[in-house]
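Chemist: Any chance you could fold what I've pasted below:
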Amino acid sequence: MAEAITIRSLDKTYASGWRRNPVHAVRNVSLSVAEGEAFGFIGPNGAGKSTTIKVLMGLAEPSGGEALLFGVPSTEPQARRRLGYVPENPYLYDYLTPFEILKMGLRLHRTVVADENAHCRRWLERMELAAVADSPIRSFSKGMTQRVAIAQALVIQPHLLVLDEPLSGLDPIGRQDVVEIFSEYKRGGGTLFFTSHVLHDVERLADRFGLIHQGELRSVSSPAELAGEEESVMVRSQGGQEVHGMQAETVGRWCGTFPRSVLWEKLDQIRAAGHSIVEVRPTLSLELAFLKAIGKTGSDVGG
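Modeler: Here you go, the predicted model:
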């Protein structure tokens, strides 16, 4: 399968103030993302996520190594053809309307569609912006502005979407809607490379994810590999009778964590008590995997 993104031994160093050491934002990062894949890039603030994306977008030149988009160096303008991009803090001309922004995006990317106006209106409807399609963006909330930026990235029918915290500023319903739109895009053959501080969103979208810390790529895993690393399973059930090893969460709702080796035995006990199963899943979450990769525990973060 062809590679949409190829990063080889990428380094990025920024000069700092007088008598200060330069800032080494990215250190020897290498990874690849296949066409049609959704790749989540996660890490704390200052880990190197946004710097890597700026290199991919040609907004920053690498200090060492290289980044390629569909085999073309990211420093070349043609690498960004049919490339949708949403930065962490999108800046849109606030005197324009969403309709004007989308139409401008089509023409800048030279995207040919049968009917420009209808095409833009469909995306505004899909992003629930139809009612404000002809209103100036300066009157919008952060969440509405974020929706416009995402619509602008998608309206050009991109082969690749590069998204830096794309769900920032959206309410829970908005997050769910946009995650579904990204899922539809991926099912249609599109490629996603995105960062997010909300690890649940990464777990829902990503085929693989990379954990970056202090500029270094610590690990790359798939959700299946992540689940296979943990020998414990969390079980939630609904019922009136107490089951040994289960703790009450609310009235009639119980939760317990058990070794995989006794899972079927415990499920038999839960069934015998007249409970219905609510959820069964591995206990190792993406958050715990990240803490493990950087050598911390949940108690370290809690302090």
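Chemist: OK, contacts around residue 202?
Modeler: By C-beta atoms under 8 Å, 6 or more residues apart in numbering, residue 202 lies in contact with 40, 42, 194, 196, 209, 286. (Glycine included, C-beta is placed from N, CA and C.)
Chemist: same question, residue 76
Modeler: residue 58.
Chemist: Output the lowest mean pLDDT helix or strand found in the protein.
Modeler: helix 298-302 (a mean of 39; mean pLDDT, DSSP states H and E).
Chemist: Could you verify my assumption that residue 220 touches residue 208?
Modeler: Yes - Residue 220 is within contact range of residue 208, at 6.1 Å (criterion: C-beta atoms under 8 Å).
Chemist: sec struct for residue 179, please.
Modeler: The three-state label given to residue 179 by DSSP: H, G, I helix; E, B strand; the rest coil is helix.
Chemist: tell me, how many neighbours does it end up with?
Modeler: 18 (other C-beta atoms under 10 Å).
Chemist: How about the one 3 residues further on?
Modeler: Residues lying near residue 182 (other C-beta under 10 Å) number 22.
Chemist: shaky segments in the stretch 51-200 of the chain?
Modeler: Counting by pLDDT under 70, the stretch 51-200 of the chain has low-confidence residues at 198-199.
Chemist: Do a quick rundown of the helices in it.
Modeler: 98-108, 116-126, 142-155, 172-187, 199-205 (DSSP state H, counting those that start in this stretch).
Chemist: any idea which of those helices is most buried?
Modeler: Burial of the helices of the stretch 51-200 of the chain is given as mean neighbour count (mean count of other C-beta atoms under 10 Å); helix 142-155 ranks first at a mean of 22.
Chemist: for that helix, packing partners?
Modeler: strand 83-86, helix 98-108, helix 116-126, strand 160-164, helix 172-187 (3 or more C-beta pairs under 8 Å, 6 or more residues apart in numbering; DSSP states H and E).
Chemist: quick check: angle from the longest one to helix 116-126?
Modeler: Using axes from the mean of the first three to the mean of the last three C-alpha atoms, to 10 degrees, the interaxial angle of helix 172-187 with respect to helix 116-126 works out to 130 degrees.
Chemist: Ok, the fourth one next?
Modeler: Relative orientation of strand 160-164 with respect to helix 116-126: 50 degrees, computed using the same axes, to 10 degrees.
Chemist: what ranges do the strands span in this structure?
Modeler: Using DSSP state E, the strands of the chain run over 3-14, 23-34, 38-42, 64-69, 72-73, 83-86, 160-164, 191-195, 208-213, 216-221, 232-238, 247-250, 253-259, 276-282.
Chemist: Kindly export the fourth one (C-alpha atoms) in PDB.
Modeler: What it means is strand 64-69. In PDB, the C-alpha atoms belonging to strand 64-69 read as follows (Å, rounded to 0.1, in the frame of the first residue of the first chain):
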ATOM      1  CA  GLY A  64      17.400  17.500   9.700                       C
ATOM      2  CA  GLY A  65      15.700  14.500   8.100                       C
ATOM      3  CA  GLU A  66      12.700  14.900   5.700                       C
ATOM      4  CA  ALA A  67       9.000  14.700   5.500                       C
ATOM      5  CA  LEU A  68       7.200  13.500   2.300                       C
ATOM      6  CA  LEU A  69       3.500  13.700   1.300                       C
END
